[in-house]
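Engineer: got a sequence here, can you build the structure:
(one chain, ligands or ions: 3)
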Amino acid sequence: MSQARISPASWVTEIAELTKPENIVWCDGSQEEWTRLTELLVADKTLIRLNAVARPNSFLARTHPSDVARVEDRTFICSEQEIDAGPTNNWRQPAEMRALLHAKFDGAMRGRTLYVVPFSMGPVGARQARYGIEITDSAFVVLNMHLMTRVTPTVLEKISEGADWVPALHSVGAPRFDAAGVALGEQAWPCNEDKYVVQFPESREIWSFGSGYGGNALLGKKCMSLRIGSALGRDEGWLAEHMLLVRVTSPMGKKYHIAAAFPSACGKTNLAMLNPTIPGWKVETIGDDIAWIAPDEAGRLRAINPEAGFFGVAPGTGMKTNPIAIQTIAANTIFTNVALTDDGDVWWEGLTDEAPEHLTDWLGQDWAPGADTPAAHPNSRFTVSIDQCPIVASDWDSSDGVELDAILFGGRRATNVPLVVEARDWAHGVFMGATISSEQTAAAEGVVGTLRRDPFAMLPFCGYNMGDYWQHWLNIGAGLEATKLPKVFQVNWFRKNAAGKFLWPGFGENSRVIDWVIRRIEGEVAGVDSPIGLLPQLDELNLDGLEIAAGALEELFHIDVNSWRAEARLTEDFFAGFGSHTPSAMDEQLRELERRLGWDPIS
Ligand code: GTP
Ligand code: SPV
Ligand code: MN
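Structural biologist: Ligands and ions are numbered 1, 2, ... in the order given. Alright, predicted model coming up:
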């Protein structure tokens, strides 16, 4: 469903007439632009330049305390029919939303600069690449787009040659003047209490108002690559996924490619930069958040990372947990909402075992160890180019992408879900993805810790009816030979014991799980059947040198039939919420699970 669009220049004129900026700047992604805009933002105190010896060319931003995460209840999918957005999305009638947004954007950029940012998701010119133009009144957004996407005027050439593109409009919603020209006063972090992150999946447009933070404002990321991307994928026969992408080389020298979908703040960046604790294994990073997956001519699923950088969670990232990330962010990095040390460097919980004696916290207040609030916001993050990752695959941006050998689904589950379990076949794998639940994290506004369904880790990111999305996954699998499909697994690094302690050490030790996954692909280990899928036999796991409490392994793989029956009952209700859009294959999977749990299916 390709749309004939007006030219970028006409669109910019139209938006400038609406938003009434002071001036217009066309961005080119150059080093000169980076220098100019960082200097501008340091001068107006939006950015703090970090100690140039400790962390060259790096900056700290402190957002408004109300603008710290994605705003899911202010995120809208505006399809013509409500049913096409489905029950998991906020829906508004497109014409109604357009009228509302026009009123919001009218004069929204008074006294500000309108930046035009042409960007590509995927290598420019690649078959799978998609182009966008973000208009924003935030220089901070422009700088982050430099790191996260490919900002280049070549995109405008491609568009003038006829390539399709996504118009993505963003304003922080904080004009400097009102309509009468009266100064409105400038906040340190301009934003608006009223926020809208709006996708029009049918006309492939994005309108975002009121927030300068992460996925709300960097419109190439969740808005375009996932919400619009998933709608494109449905229509064009591919998959836009909230997945990391890695290459793993075994001690035998054989290469495998793995994609993994975990909900926000559940370990994608960490697995993407896995530092294996078992000898002989090598991991190369390809992507840490988004994968676009398409069938190729040979009938295999191939994936690219459409992004060009990482927007990673800071807390918990340290030399012990993720040394690769620590090396990646040594320079040329923008930090948001972390703490500032007295010598002008950054700190957050988990960077070191002990906090410095004095810090300036993310709110700009004095902070000392023992304070009852964290120094860094739990959703504080770093933005950095993927090129700086010491283990990035040299061909990470190859236009061809990589053939997938395995897909992992995971979440934060304190109970029930074992360390690893393999799906019996593709449909069972889709069922595993569809039934992911996870404890709420700080990545979105909401109560941290409550268990929520997050199918395919796409709950906030699917641009159409989630039930139809499951059917699309089934269709993709049905269109390919079963032997050529990636094997599907569910993993859980977060199971806890009765005392509330993690049973599994996680991070680099997750290589032991990857080792088993790959030996399953090679047919070297048989596993053992269980009601929920194929589990490892404990002696199939490489546990050499692992320090783990007695009994912890048994607990990690324990399947509690009663809890699983209770979970199946909840799944029944969950599926019912999608009505006739729940694929019958998903209902069959649920009945099969109930049967294996020794329980008479209720229907
Ligand atoms: P988004 O960028 O929000 O999509 O998140 P992500 O999935 O990339 O999450 P990330 O890897 O940044 O991890 C989030 C948090 O989980 C961090 O605090 C990590 O330290 C923690 N974490 C990651 N892997 C593990 C693990 O294997 N075990 C434990 N216990 N914690 C982990
Ligand atoms: C997530 O929340 O899944 C992120 C961060 O990766 S954001 O870009 O803000 O969506
Ligand atoms: Mn994410």
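Engineer: run through the residues that contact residue 454.
Structural biologist: Neighbouring residues of residue 454 by CB atoms under 8 Å, 6 or more residues apart in numbering: 263, 411, 436-438. The C-beta positions use only the backbone N, C-alpha and C, and glycine is treated the same way.
Engineer: tell me the one among those nearest to ligand 1.
Structural biologist: Looking at the contacts of residue 454 and their distance to ligand 1, the nearest is residue 263, at 6.9 Å (CB to the nearest ligand atom).
Engineer: can you give me the neighbour number for residue 427?
Structural biologist: Counted by other CB atoms under 10 Å, the residues lying close to residue 427 total 21.
Engineer: give me the three-state assignment for the residue lying closest to it once chain neighbours are set aside.
Structural biologist: Nearest residue to residue 427, sequence neighbours excluded (CB to CB, 6 or more residues apart in numbering): residue 585, at 5.1 Å. Three-state assignment for residue 585 (DSSP: H, G, I helix; E, B strand; the rest coil): helix.
Engineer: can you start the count at 341 instead of 1 from here on
Structural biologist: Done: numbering now begins at 341, and the last item shifts to residue 925.
Engineer: what's the burial count for residue 925?
Structural biologist: Residue 925 has 20 neighbours, counted by other CB under 10 Å.
Engineer: go on, residue 625?
Structural biologist: The burial count for residue 625: 26, using other CB under 10 Å.
Engineer: likewise the one 3 residues further on?
Structural biologist: Counted by other CB under 10 Å, the residues lying close to residue 628 total 25.
Engineer: got the contact list for it?
Structural biologist: Neighbouring residues of residue 628 by CB under 8 Å, 6+ apart: 584, 608-609, 612-613, 650, 652.
Engineer: 6 Å instead?
Structural biologist: 584, 608-609, 612, 650 (CB atoms under 6 Å, 6 or more residues apart in numbering).
Engineer: kindly report the same for residue 786.
Structural biologist: Applying CB under 6 Å, 6+ apart, the residues near residue 786 are residue 780.
Engineer: quick check, it in a strand?
Structural biologist: No. Using three-state DSSP, the assignment for residue 786 is coil, not a strand.
Engineer: for ligand 2, see how far away it is.
Structural biologist: Distance of residue 786 to ligand 2, given as CB to the nearest ligand atom, to the nearest Å: 12 Å.
Engineer: if we can go back for a sec, now the contacts of residue 794 as CSV including distance to residue 452?
Structural biologist: Below are the contacts of residue 794 laid out as CSV (distance: CB to CB, whole Å):
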residue, distance to residue 452
603, 35
751, 40
776, 41
777, 42
778, 38
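Engineer: tell me the two of the residues you listed that are most distant?
Structural biologist: 603 and 777 (9.0 Å; CB to CB).
Engineer: which one of these two has more residues nearby?
Structural biologist: residue 603 (30 against 20).
Engineer: you'd agree that one is up against residue 797?
Structural biologist: Yes. Counting by CB atoms under 6 Å, residue 603 touches residue 797, with 4.4 Å between them.
Engineer: flag every residue of the chain that's near ligand 2.
Structural biologist: Taking CB under 6 Å from any ligand atom as the contact definition, the chain meets ligand 2 at 410, 554-555, 561-562, 604, 629, 651, 783.
Engineer: domains of this structure?
Structural biologist: For the chain, automatic domain parsing gives the domain ranges 348-385+410-577, 581-647+737-936, 649-728.
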